[in-house]
Structure formats: C-alpha cells, structure tokens
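> model the following, please.
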Amino acid sequence: MALAKTRSHKHFQLDAGKLKRAQRALRAETETETIERALDVVITEHVRNRVTVEANDRFVKSGVGIGTHMAHWKSRCSRSSSTLPFTLPLYELETRPPYR
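Numbers count the residues shown, from 1 in each chain. Modelled structure (predicted):
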C-alpha cells in the first residue's frame, strides 16, 4: 500500500456488508485500510489495462499477423506426434510424477 503524503478527511455512506466482504477479501485490519487497498487495486488494474492496450496497439501497428505465427506452429505440429508443440503424449503424462 502506498503511503499518502497528504490525507483528507472524507465521509462516505457505504454498504456495511460490502465493506466487510472487501475487508476480508483484501485481508485488511481496518475499514480505512480496506478502502485504501481497494483504491490501490483499482489504480493498478487501470495501469495494467492501459499498458495492455498500448502493447496491443503496437502489435497491430507492427503489421505482424497471427496467421504468420500459426503457420509456423502448424508446420512444427505436423512433424511431431502431438497436436501442439507444448503438449506431451498421454503416456508421458501418466508416467510423470505429480507436480507439488
């Protein structure tokens, strides 16, 4: 949680049940901490969405098409027994120890 250099005293009328659910979900000790963490989540999500849109725009503007990459993967798949380059044959999955 980022520390605020300036704080302002605000009064809000909030749904108490929703605030308690958010407090449990965010593992906050106080209602103030709950609201601050929720605001941090919203701000982080906004930044993440903006960065994703910018990356997508750069990809689209680059002119590289998905079809170009799909042709590469299809050629690799046709040479192997599996359907995708990152899948394992069923017998290998059955003999491997489980992930822990």
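> so for stretch 35-52, what's the average pLDDT?
The average pLDDT for stretch 35-52 rounds to 94.
> now it: buried residues?
The neighbour-count check on stretch 35-52 (16 or more other C-beta atoms under 10 Å) flags 35, 36, 37, 38 as buried. For every residue, glycine as well, the C-beta is placed using N, CA and C.
> same list (those) but as a markdown table, adding distance to residue 54 and secondary structure.
What follows is the buried residues of stretch 35-52, written out as a markdown table (distance: C-beta to C-beta, whole Å; DSSP: H, G, I helix; E, B strand; the rest coil):
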| residue | distance to residue 54 | secondary structure |
| --- | --- | --- |
| 35 | 29 | helix |
| 36 | 27 | helix |
| 37 | 26 | helix |
| 38 | 25 | helix |
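> ok, those vs residue 21, which is closest?
Minimum distance to residue 21 across these is 11.0 Å, recorded for residue 38 (C-beta to C-beta).
> how about that closest one: what's its closest non-neighbour residue?
Nearest residue to residue 38, sequence neighbours excluded (C-beta to C-beta, 6 or more residues apart in numbering): residue 22, at 5.8 Å.
> residues near the one you found, how many?
For residue 22, the count of nearby residues is 18 (other C-beta atoms under 10 Å).
> helix or strand for it, which one?
helix 16-26 (DSSP states H and E).
> which residues touch residue 41?
Residue 41 makes contact with residue 26 under the criterion C-beta atoms under 8 Å, 6 or more residues apart in numbering.
> secondary structure element for it?
Here residue 41 sits within helix 31-62, counting by DSSP H and E.
> show me where pLDDT drops low in the chain?
For the chain, applying pLDDT under 70 flags the ranges 1-4, 65-100.
> how about stretch 8-21: buried residues?
residue 19.
> which residues touch that stretch?
With C-beta under 8 Å, 6+ apart as the test, stretch 8-21 has contacts from 31, 34.
> what are the structural domain limits within the protein?
According to automatic domain parsing, the chain comprises the domains 14-64, 66-100.
> kindly calculate the angle that the helix holding residue 41 makes with helix 16-26.
Angle of helix 31-62 versus helix 16-26, following axes from the mean of the first three to the mean of the last three C-alpha atoms, to 10 degrees, is 70 degrees.
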